[in-house]
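J.: here is a sequence with its predicted model. Questions after.
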Amino acid sequence: MRHFALLFVVFSLQSCLMVGVDKIDAVEGFDWDTLKRDLIVMTPLMDLRKDVVTPPGFEKDVAAFSEKEILNYPEIFKRVFFEYRKDIRVFGAGGAFENISKIPGLSEMARKVLAKETLSPDEQKLLNDSRQDKRFIFFFNFTNERLEFEYSLVRPSEAKGLYVEKNYDAKRTMTLKLALWDSQVAQTVFVSEKTLTPMHRNQFLIRTGLSPKAVKGDKGRYESARDPDFYDMTGRGTLEEELRVHSARFPTSFPKREPSFRGSFKDFALTLPIKKSEQNLIEYDNFTNHRPELTWRSSSLGKESFTNYFLGTSSRIYNFYRIGGGLVLFSNKPELKYAGETFIVDDFCLCLTMDLEWDLSGMFRVMTGSMLGAGSLMHRKKGLVVPEGQDDPSKKEDGYYYAAPRIKFILGPKQGLQLGLGVFQQFYSGLVEPVILEHKPSRWGADLTLSLQFRGF
């Protein structure tokens, strides 16, 4: 049961695919149905950064966006918004956008809107004359940016005392804020905020001096560890100290603004309040292509053929990730010889499937990923007569954890019957029964899948 409990926890974690922003400030009582009836126009990207922090020599990495980027980003945002929100219309180009982009003092207006301050009558008139009857204006603000080096140290536990982990990071922090201004009431009705922290990391493993034979635990990375230098042994371990004596260990560059910058647009789009019907539509578009399947799997136990069936189902998330699960059962019950006796083997496994799926054409796709699971290889003596009502005393269960990286080629229409052919490499952990160890499961196998894919529930 501990195998299945662990598997349930893993599946729960895999299911928690979430998006969102870090902070929301919305006016109470605002009628969000008006967003469905009225239109929204974007402003250009407003650079409201103050006191930009950067190490010496990296000032060019925090230079202002070009005029072209400032005007292009709202259109990119609009496309992302349209992809995920069919219920609200946002404009990132066109006459209203061009009029607003030419308003003098727009940056000061953006600062006031973001702070929920009242605009002056002249400022309101400038906006109202430019928006072309679009009720809402989305102020698109870049409010903070800094580059900084960071240092952290992970000391070993008693069980894993082979090395100390030293992490040397170069991190970029950016804050984006979107403020929705309602021209009808001349006030800010919604502000959302997201902080982005792309990072480059160099990790160094420093040997502690213990022998790999003297401790338990992970020894796989011991060979990559280095001997400590004088400062590793005597330094105080602060960021300032590491920058002074180990500057070469830090990354030589900071991560670029992209792809994190535009990657946040989806989170902003999905943060605006949404009706249940539209939420169902978004989920339908991005959690779909459900596929019940029956897979015949072939490998071997020792020299004996070992086939079983996988009965499962999976769904595509964001049209690329495929997550599912199912049962491995109904084996061909191979007969194994051990100690002069014959044993019949059966199999049962509860598995997760996690894959990436590429559509190469309308009729052909490739899927790569793995199966992860926990199960039991059960064996009993052949020909043993057991009185009715009694358990078979020869029956043994050998519990295991299971992993099988795989690649599969799928032929068939996107909706309907599909045929898949694949190969997999399998790994068993935890097998202890002598009968099974004498006839180890083969490392490689092949499978044939028949599935039916449909659009949604």
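T.: Yep, it's here.
J.: what's the domain layout of this structure?
T.: 2-12+19-274, 285-383+394-453 (automatic domain parsing).
J.: worst average pLDDT in those?
T.: Lowest mean pLDDT within the domains of the chain: domain 2-12+19-274, at a mean of 85.
J.: would a markdown table of the domains of the chain with mean neighbour count be doable?
T.: Just so you know, the C-beta spots here come from the backbone N, C-alpha and C atoms, and that holds for glycine as well. A markdown table is the format used below for the domains of the chain (neighbours: other C-beta atoms under 10 Å):
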| stretch | mean neighbour count |
| --- | --- |
| domain 2-12+19-274 | 16 |
| domain 285-383+394-453 | 17 |
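J.: wait, L196 touches S264, no?
T.: Yes - counting by C-beta atoms under 8 Å, L196 touches S264, with 5.9 Å between them.
J.: mutual contacts of those two, please.
T.: By C-beta atoms under 8 Å, 6 or more residues apart in numbering, L196 and S264 have these common neighbours: L176.
J.: quick one: contacts for the closest residue to E335 other than its chain neighbours?
T.: Spatial nearest neighbour of E335, excluding adjacent residues (C-beta to C-beta, 6 or more residues apart in numbering): T342 at 5.3 Å. Shown in contact with T342 (C-beta under 8 Å, 6+ apart): 335-336, 381-383.
J.: go on, L127?
T.: Contacts of L127 by C-beta under 8 Å, 6+ apart are 100, 103, 109, 119, 137, 181, 183.
J.: so it belongs to a helix, correct?
T.: Yes - counting by DSSP: H, G, I helix; E, B strand; the rest coil, L127 is found in a helix.
J.: could you find the closest non-adjacent residue to D25?
T.: Excluding its sequence neighbours, the residue lying closest to D25 (C-beta to C-beta, 6+ apart) is V191, at 4.4 Å.
J.: what's the separation between the one you found and S260?
T.: Distance, V191 to S260, by C-beta to C-beta, to the nearest Å: 21 Å.
J.: contacts for the helix or strand hosting S192 next, please.
T.: Using DSSP states H and E, S192 sits in strand 187-196. Under the contact criterion C-beta under 8 Å, 6+ apart, strand 187-196 has outside partners 21-27, 30, 113-114, 116, 118, 144, 172-182, 260-261, 263-264, 267-268, 271-272.
J.: returning to what we had before: what's the separation between the residue nearest to D25 and Q124?
T.: Distance, V191 to Q124, using C-beta to C-beta: 19 Å.
J.: and for R365?
T.: 54 Å.
J.: quick revisit: show me what the residue nearest to D25 is bridged to.
T.: Listed by DSSP bridges, the beta-bridge partners for V191 are D25, A179.
J.: how would you label the residue located most distally from the centre of the chain: helix, strand or coil?
T.: Farthest-out residue of the chain from its mean C-alpha position, per C-alpha atoms, centre = their mean: P387, at 54.2 Å. Three-state call for P387 (three-state DSSP): coil.
J.: likewise the one 10 residues further on?
T.: For E397, the reduced secondary structure class is strand; criterion used: three-state DSSP.
J.: pretty sure it contacts M378?
T.: Yes - taking contacts as C-beta under 8 Å, E397 lies within contact range of M378: 5.0 Å.
J.: hmm, who's touching the lengthiest helix in the chain?
T.: For the chain, the longest helix by residue count, based on DSSP state H, is helix 67-84. Contacts to helix 67-84, defined as C-beta under 8 Å, 6+ apart, come from residues 42-45, 47, 65, 88-93, 97, 101, 140, 262, 265-266, 268-270, 282, 285-286.
J.: and what of stretch 134-141?
T.: Taking C-beta under 8 Å, 6+ apart as the rule, stretch 134-141 contacts 34-35, 38-46, 48, 73-74, 77, 90-91, 96, 100, 109-110, 113-114, 127, 131, 176-184.
J.: likewise stretch 241-260?
T.: Against stretch 241-260 from outside (C-beta under 8 Å, 6+ apart): 58, 61, 147, 149, 151, 166, 168-172, 174, 196, 198-202, 204, 231, 235.
J.: let's go with 7 Å and repeat that
T.: Identification of contacts with stretch 241-260 by C-beta atoms under 7 Å, 6 or more residues apart in numbering yields 58, 61, 147, 149, 151, 168, 170, 172, 174, 196, 198-200, 202, 204, 231, 235.
J.: just those residues: which are in helices?
T.: Those of the contacts of stretch 241-260 lying in helices (DSSP H): Y231.
J.: which one is K23 nearest to, not counting chain neighbours?
T.: Take K23 and drop its neighbours on the chain: the residue closest to it by C-beta to C-beta, 6+ apart is E193, 4.2 Å away.
J.: correction: the previous question concerned R291.
T.: Closest residue to R291 apart from its sequence neighbours, by C-beta to C-beta, 6+ apart: Q453 at 4.5 Å.
J.: so what pairs up with that neighbour in the strands?
T.: For Q453, the beta-bridge partners are G416 (DSSP bridges).
J.: check contacts around it.
T.: Taking C-beta under 7 Å, 6+ apart, one finds 289-291, 414-416, 418 in contact with Q453.
J.: one more pass at 8 Å, please.
T.: 289-291, 412, 414-416, 418.
J.: so which pair among these is furthest apart in space?
T.: Using C-beta to C-beta, the pair of the contacts of Q453 lying farthest apart is H290 and G412, separated by 14.6 Å.
J.: following element in sequence after the longest helix of the chain, please.
T.: Trace forward from helix 67-84 with DSSP H and E and the next one is strand 90-91.
J.: what about that following strand, distance to the chain center?
T.: 28 Å (C-alpha atoms, centre = their mean, to the nearest Å).
J.: ok, back up a step: reformat the contacts of L127 as CSV; add secondary structure and distance to F82.
T.: Below are the contacts of L127 laid out as CSV (DSSP: H, G, I helix; E, B strand; the rest coil; distance: C-beta to C-beta, whole Å):
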residue, secondary structure, distance to F82
I100, helix, 19
I103, coil, 25
M109, helix, 26
L119, coil, 28
I137, strand, 18
W181, strand, 21
S183, coil, 22
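J.: phi and psi next, for the closest residue to T188 other than its chain neighbours.
T.: Ranked by C-beta to C-beta, 6+ apart and with sequence neighbours excluded, the top spatial neighbour of T188 is K116, at 4.6 Å. Dihedral angles of K116 (phi, psi; degrees, to the nearest 10) stand at phi 60, psi 30.
J.: alright, I will stop here.
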